[in-house]
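Undergrad: Quick one, fold the following:
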Amino acid sequence: MKRIVITACTAALAWTQPVSGEPSLSDVAARTELRAIHSLTLTDRQSLTGDKSGKPATIAGELRLPRGATGRLPAVVLLHGSGGVNGGHEFWAKHFNAMGMATLIIDSFSGRGLVSTSTNQGLLGRYNMIVDAYRGLDMLAAHPRIDGSRVAVMGFSRGGQSALYSSLKRFQQNWGQGNRFAAHIPLYASCSATLIGDTELTGAPVRQHHGAADDYVTVAPCREYFKRLRAAGNDVELIEYPGAPHSYDNPLGARPPRLSKGSESTRDCTLREEPMGVIVNTATGKPFTYKDDCIRRDPHLGYHEASANATRAAVKAFLRTTFRLE
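TA: Below you'll find the model as predicted:
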C-alpha cells in the first residue's frame with residue numbers, strides 16, 4: 001500500500017499547484033482520504049460471467065470531501081483511461097467538489113503493478129474496471145459522510161467503457177453487492193462489442209459524451225447501440241461534439257491533437273459476446289485478441305476547449321437535476 005499512497009499523494013499535490021501564483025483555497029478539499037479498495041484481477045470471461053475466483057487486488061481510491069458541505073453527501077466515482085490517473089481527472093473532481101459533491105478517483109493500475117495499458121491493452125481485462133467501480137461504490141455506501149443512494153460513476157475511455165457497461169443489470173447483479181449507481185456518465189467509451197443483455201439496464205440514466213473527430217474510440221458504434229437502448233425504453237443520451245478528438249476534455253492535453261504513438265485502438269473491430277463470456281471478432285468468427293488484424297495504432301489525443309466547456313456544463317446540469325442539488 002505504501003507505493004499506492006505515495007503515488008496518489010504526489011498526483012494530488014502536483015495538480016493543486018497552478019502554473020503561476022499560489023494555490024487557491026477554492027481548490028482545496030475539506031478532507032482527503034486515501035482508501036484501500038479490495039477488488040479482483042479478472043479475465044474478460046471472469047468479468048462477464050461473474051466468476052469471483054480471480055486474483056485478489058488492492059487498489060487505491062482518493063476520496064475528496066468538499067468544503068462547507070454538511071450531512072450525507074452525493075458523490076461521483078471517477079474511472080481513468082488507459083494512461084492511468086492524470087490531472088484532468090483531478091480537474092473534474094474539483095468541479096464536483098465545488099458543487100458540494102464528494103469524489104472518489106479510483107486508481108485501477110498502481111496496485112496491480114501497471115502504469116499504462118495504452119500500447120498493450122491486454123495487460124488488464126476490458127471489463128475489469130467495472131468490478132473496481134462497484135467495489136468503490138460499496139466503500140462509499142458504507143461511509144458515514146456519503147449518501148449511497150446518490151453516487152454516480154463517470155469514466156474516461158477505458159474507464160468510460162466501464163462507466164457505460166456498469167449500467168447493465170447483469171453486471172450490477174454480479175458485482176454490485178446490493179448497491180447500484182444512480183447515474184452513469186461515460187466519456188468517449190467504446191461500444192465496439194455487442195454484449196448479451198446489453199439493453200437491459202438497471203434503470204439509472206446514462207449520458208455519454210463523445211468527440212465526433214475521435215480516431216481512438218470512434219463514435220459510430222455508439223450511435224447504433226444508443227438507438228437500441230432507447231428502443232428498449234432506457235433513459236439514455238449520446239451527446240456528440242464536432243471536431244473534438246479523444247480525451248478532448250483534459251485541459252492538459254495537446255493543442256492541436258498529438259499522435260499517441262503505438263497506442264492500440266479497436267476502432268475497426270466489430271465484436272460480439274457469443275456464447276456468454278466469450279468475446280468474438282465477427283470478421284473471423286474466433287475469440288478476439290489484440291493481435292487481430294482489426295487492431296489499429298497511432299490514434300490522436302488532444303484538448304478541444306469549446307467541447308470541454310460544453311461537456312462540463314451539461315454534466316453539471318445533469319447531476320444537479322439527478323441529485324436534486326440547489
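Undergrad: list the buried ones in the longest helix belonging to the chain?
TA: When the chain is parsed with DSSP state H, its longest helix is helix 305-323. By neighbour count on 16 or more other C-beta atoms under 10 Å, the buried set for helix 305-323 is 307-308, 310-311, 315-316, 318-319, 322-323. Placement of C-beta: from N, CA and C, glycine included.
Undergrad: likewise stretch 161-179?
TA: 161-172, 174-176, 179.
Undergrad: now for the longest helix of the chain, which elements pack on it?
TA: strand 73-79, helix 87-98, strand 146-156, strand 183-187, strand 206-211, strand 236-241 (3 or more C-beta pairs under 8 Å, 6 or more residues apart in numbering; DSSP states H and E).
Undergrad: mean confidence for it?
TA: Mean pLDDT, helix 305-323: 98.
Undergrad: that's a strand at E224, yeah?
TA: No. E224: not assigned to a strand; according to DSSP: H, G, I helix; E, B strand; the rest coil it is helix.
Undergrad: Contacts only, for the closest residue to it other than its chain neighbours.
TA: Setting aside the residues directly before and after it, E224 is nearest to C191 in space (C-beta to C-beta, 6 or more residues apart in numbering), at 7.6 Å. Going by C-beta atoms under 8 Å, 6 or more residues apart in numbering, C191 touches 164, 221-222, 224-226.
Undergrad: do the same with P205
TA: Contacts of P205 (C-beta under 8 Å, 6+ apart): 183-184, 235-236, 318, 322.
Undergrad: any idea which of the buried residues of stretch 161-179 is closest to D198?
TA: D198 has its nearest neighbour among these in L168, at 6.1 Å by C-beta to C-beta.
Undergrad: wait, what's in contact with A244?
TA: Per C-beta under 8 Å, 6+ apart, neighbours of A244: 210-214, 304, 307.
Undergrad: Backbone dihedrals for it, please?
TA: phi -90, psi 130 (degrees, to the nearest 10).
Undergrad: Also S192?
TA: Main-chain dihedrals, S192, degrees, to the nearest 10: phi -70, psi -10.
Undergrad: which residues in the stretch 1-150 of the chain form helices?
TA: Here the stretch 1-150 of the chain has its helices, by DSSP state H, counting those that start in this stretch, at 2-16, 44-49, 87-98, 128-141.
Undergrad: elements contacting the shortest one?
TA: Pointing back at helix 44-49 there. helix 128-141.
Undergrad: orientation of the helix it packs on relative to strand 146-156 in degrees?
TA: With axes from the mean of the first three to the mean of the last three C-alpha atoms, to 10 degrees defining the directions, helix 128-141 sits at 160 degrees from strand 146-156.
Undergrad: Give me the pLDDT value at the closest residue to C222 other than its chain neighbours.
TA: Once flanking residues are discounted, C222 sits nearest to C191: 4.0 Å by C-beta to C-beta, 6+ apart. At C191, the model reports a pLDDT of 98.
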